[in-house]
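**Student:** please find the sequence and the predicted model below.
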Amino acid sequence: MEKRRVVITGLGAVTPLGNNVNTMWENILAGKSGIDFVTKVDKDNYPAKVAAEVKDFDPTQFMDKKDARKMDPFTQYAVAASKMAVEDAKLTIDDSNAHRVGVWIGSGIGGMKTWEEQHTKLLEKGPKRVSPFFVPMMIPDMAAGQVSIQLGAKGINSCSVTACASGANSIGDAYKAVERGDVDYIIAGGTEAPISDMAFAGFSSAKALSTNEDPSKASRPFDKNRDGFVMGEGAGILILESLDSALERGAHIYGEIAGYGATGDAYHITAPAENGEGAARAMQHALRDAGISPEEVDYINAHGTSTELNDKYETAAIKTVFGDHAKKLAVSSTKSMTGHLLGAAGGIEAVISIKSIKDGVIPATTNYEEPDPDCDLDYVPNEARKQDVNVVVSNSLGFGGHNVALVFKKYQ
């Protein structure tokens, strides 16, 4: 079976740095932070005080008010970002092609806000007061389901749930569906709205969140004084399309997705495997799938969570895969500005990777002040860098030992 080339023709985003791709990208290049004191939970109840919240989002700009009320925020973000991506791709979905348009959108947690609200109703008012929309608002696949309904996409409709690797797994799985010929177009990415009491309490109890009370400094990937991640929310969506289809309809091509690697650590429910061996294998698989040598990679958009073990072992994994070339690579973590969007991280970081290739700019790792001896690569400290970018590897790693690497390259 001949593999089809797959290109990116549309981008959409709802993020803590802006509710469209251009605003987000301008803020990233300026080194701005989307992190502030958390407002969606009472910060006085938690050791962590900051979060990267979506701001000024109006779902009714993208959907009927009645429909919006039946969607958890994670679904609203996905619908908005998907509609922006489809518009950006100038893709018309109608009876002639609907069965060839798929949707594959991941979420790590799903409708946490809905779950909390309805559980409170159950305890306070009894089971008859629980909404009939509770289940279809909560389940993680409903973002993909609602995008399909809202846009009329009738091809494969799926959702990869792999914790913080969900968005990246979904893009990789979607890429393979187009490459195989299952569909010609697919709306792919990740979405998450986890900033709720239950999730905040759970991550706080696991001592995973930064307790730094300076919002602008709390997320500091690869810095010696990092102390945990900052929870974020939003959605990042790509339109993946067969090259033949894109050329036939004269679509604008942002870049090409060329490789996907996914592995399991078989090690621990939350901690990464020693020296990032699972992450290393994911990058090796992705490069092999792309037919690209390690020396051809210009930039790695790292998972870079600002946690002790992730940053140390991801650095070790990069050294394993790239050898001497690791010192010549640019590596940055945009979570320093966006926070960690959990299941949406791979989606938003894929958008960032594509913009890096298209515009020839590598985003910075902000808040990088004191080097860590265990993290000794070029992390593009504090200022974005103008540089020709031909090949990007984007890493996403999740609880449960999920490792994903995606390879994007300049379209030629």
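**Tutor:** Noted; the coordinates are in hand.
**Student:** contacts and neighbour counts: CA atoms only from here.
**Tutor:** OK.
**Student:** wait, residue 388 sits on residue 358?
**Tutor:** No - with contacts defined as CA atoms under 8 Å, residue 388 does not count as touching residue 358, sitting 9.1 Å away.
**Student:** what about the helices in the stretch 51-200 of the chain?
**Tutor:** Here the stretch 51-200 of the chain has its helices, by DSSP state H, counting those that start in this stretch, at 65-69, 73-88, 112-125, 134-138, 142-151, 166-180, 197-205.
**Student:** contact partners of the last one?
**Tutor:** Applying CA atoms under 8 Å, 6 or more residues apart in numbering, the contact partners of helix 197-205 are 41, 46-48, 112, 116, 194, 209.
**Student:** buried ones from those residues, can you make that a ChimeraX selection?
**Tutor:** Per 16 or more other CA atoms under 10 Å, the buried members of the contacts of helix 197-205 correspond to this ChimeraX selection:
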select :41,47,48,112,116,194,209
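**Student:** ok, so of the contacts of helix 197-205, who is nearest residue 258?
**Tutor:** Checking those against residue 258 by CA to CA gives residue 194 as the nearest, at 30.8 Å.
**Student:** what's near enough to touch the closest residue to that closest one other than its chain neighbours?
**Tutor:** Closest residue to residue 194 apart from its sequence neighbours, by CA to CA, 6 or more residues apart in numbering: residue 112 at 6.0 Å. Neighbouring residues of residue 112 by CA under 8 Å, 6+ apart: 138, 193-194, 196, 198-199.
**Student:** low-confidence ranges in the stretch 201-350 of the chain?
**Tutor:** Of all residues in the stretch 201-350 of the chain, none has pLDDT under 70.
**Student:** rewinding a little: quick check: the residue nearest to residue 194 vs residue 63, distance?
**Tutor:** From residue 112 across to residue 63, the span is 21 Å (CA to CA, to the nearest Å).
**Student:** equivalent analysis for residue 142, please.
**Tutor:** Look at residue 142 and residue 63: by CA to CA, they are 15 Å apart.
**Student:** the two: who's more crowded?
**Tutor:** Neighbour tally, residue 142 and residue 63, criterion other CA atoms under 10 Å: the higher count belongs to residue 142, 25 against 15.
**Student:** hmm, that one is touching residue 73, no?
**Tutor:** No - assessed by CA under 8 Å, residue 142 is found out of contact with residue 73, at 11.2 Å.
**Student:** host element of residue 318?
**Tutor:** helix 308-322 (DSSP states H and E).
**Student:** which elements pack onto the next helix or strand after that helix?
**Tutor:** Later in the chain than helix 308-322, the nearest helix or strand by DSSP H and E is strand 330-332. Other helices and strands packing on strand 330-332, by 3 or more CA pairs under 8 Å, 6 or more residues apart in numbering; DSSP states H and E, are strand 299-301.
**Student:** so how far is the strand it packs on from its chain's centroid?
**Tutor:** 14 Å (CA atoms, centre = their mean, to the nearest Å).
**Student:** swap in stretch 265-274?
**Tutor:** 21 Å.
**Student:** next, the buried residues of it.
**Tutor:** 265, 272-273.
**Student:** could you pull out the strands for the stretch 301-412 of the chain?
**Tutor:** With strands called from DSSP state E, counting those that start in this stretch, the stretch 301-412 of the chain shows them at 330-332, 361-362, 385-386, 391-398, 402-409.
**Student:** of those strands, which is nearest residue 248?
**Tutor:** Nearest of the strands of the stretch 301-412 of the chain (CA to CA): strand 402-409, 20.8 Å.
**Student:** of all the contacts of helix 197-205, which comes closest to residue 89?
**Tutor:** Relative to residue 89, and with distances defined as CA to CA, the nearest of the contacts of helix 197-205 is residue 194, at 28.7 Å.
**Student:** show me the contacts for the closest one.
**Tutor:** 109-113, 200, 231-233.
**Student:** farthest-apart pair in these, please.
**Tutor:** So, the contacts of residue 194 by CA to CA: farthest apart are 111 and 231, at 15.5 Å.
**Student:** tally of neighbours for the residue nearest to residue 32 when sequence neighbours are not counted?
**Tutor:** The spatial neighbour of residue 32 that comes closest, neighbours along the chain excluded (CA to CA, 6+ apart), is residue 337 at 6.4 Å. Neighbour count for residue 337, taken as other CA under 10 Å: 27.
**Student:** residue 337 contacts residue 31, doesn't it?
**Tutor:** Yes - in this structure, residue 337 is within contact of residue 31 by CA under 8 Å, at 7.1 Å.
**Student:** between the two, which contacts overlap?
**Tutor:** By CA under 8 Å, 6+ apart, residue 337 and residue 31 have these common neighbours: residue 366.
**Student:** rewinding a little: closest to residue 92 among the buried residues of stretch 265-274?
**Tutor:** residue 265 (41.1 Å).
**Student:** who's in contact with the nearest residue to that closest one once chain neighbours are set aside?
**Tutor:** Of all residues not flanking residue 265 in the chain, residue 401 sits nearest, at 4.6 Å (CA to CA, 6+ apart). The contact partners of residue 401, by CA under 8 Å, 6+ apart, come to 264-273, 278.
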